[in-house]
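Undergrad: Test case, fold it:
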Amino acid sequence: MIKVVAALIENNNKILLAKRSTGDINVFGKWEFPGGKVEQNENEFDAIEREIKEEFELTIKARKFITNNVCEYPTKIVDLRLYKCDYISGKFNLHDHSEYQWVNKEELLKYDLAPADIPLAEYVKKVK
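TA: Numbers count the residues shown, from 1 in each chain. All right, here's what the predicted structure looks like:
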């Protein structure tokens with residue numbers, strides 16, 4: 001099982017989604033809460049902060065674990081773990097995504113989300 005962290009970053013009551021332009025065929029071209037794999041001997045808070053820095057050149061602070069979803073793809077099983085994060089600084093510079101959007105929580109499920117992200121979006125829409 002691959003442990004993957006994802007960031008829930010809010011700005012003006014909108015949530016950041018990004019569209020994948022690299023990586024696995026199962027998520028290529030899909031929208032997602034941005035993030036990435038947790039490296040060996042890395043804690044999840046450090047992992048999400050590192051991934052957002054690598055993928056967007058943004059500095060964030062991971063605050064708390066929200067929820068997770070275990071998703072079985074054809075070639076792997078992913079444990080996608082969502083963290084509430086605060087934006088600290090930086091301007092978007094996309095590396096692994098073709099675009100990003102700030103989305104109202106009511107609109108999250110209107111996007112073509114990666115399969116693992118759908119239950120997370122449902123949870124955020126219901127609880128947040």
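
Undergrad: Partner strands of the host helix or strand of I60, with direction?
TA: In this assignment (DSSP states H and E), I60 forms part of strand 59-72. Using DSSP bridges, the strands paired with strand 59-72 in its sheet are strand 77-89 (antiparallel).

Undergrad: Give me the distance between the partner strand and the centre of its chain.
TA: 6 Å (Cα atoms, centre = their mean, to the nearest Å).

Undergrad: Regarding this structure, what is its longest helix?
TA: When the chain is parsed with DSSP state H, its longest helix is helix 44-56.

Undergrad: Now do it against strand 77-89, angle only.
TA: For the pair helix 44-56 and strand 77-89, the angle between their directions (axes from the mean of the first three to the mean of the last three Cα atoms, to 10 degrees) equals 70 degrees.

Undergrad: and helix 44-56, how far out from the chain's middle?
TA: Averaging C-alpha coordinates over helix 44-56 and over its chain gives two centres that are 10 Å apart (Cα atoms, centre = their mean).

Undergrad: now swap in stretch 81-100 and tell me
TA: Going by Cα atoms, centre = their mean, where stretch 81-100 is centred and where its chain is centred differ by 8 Å.
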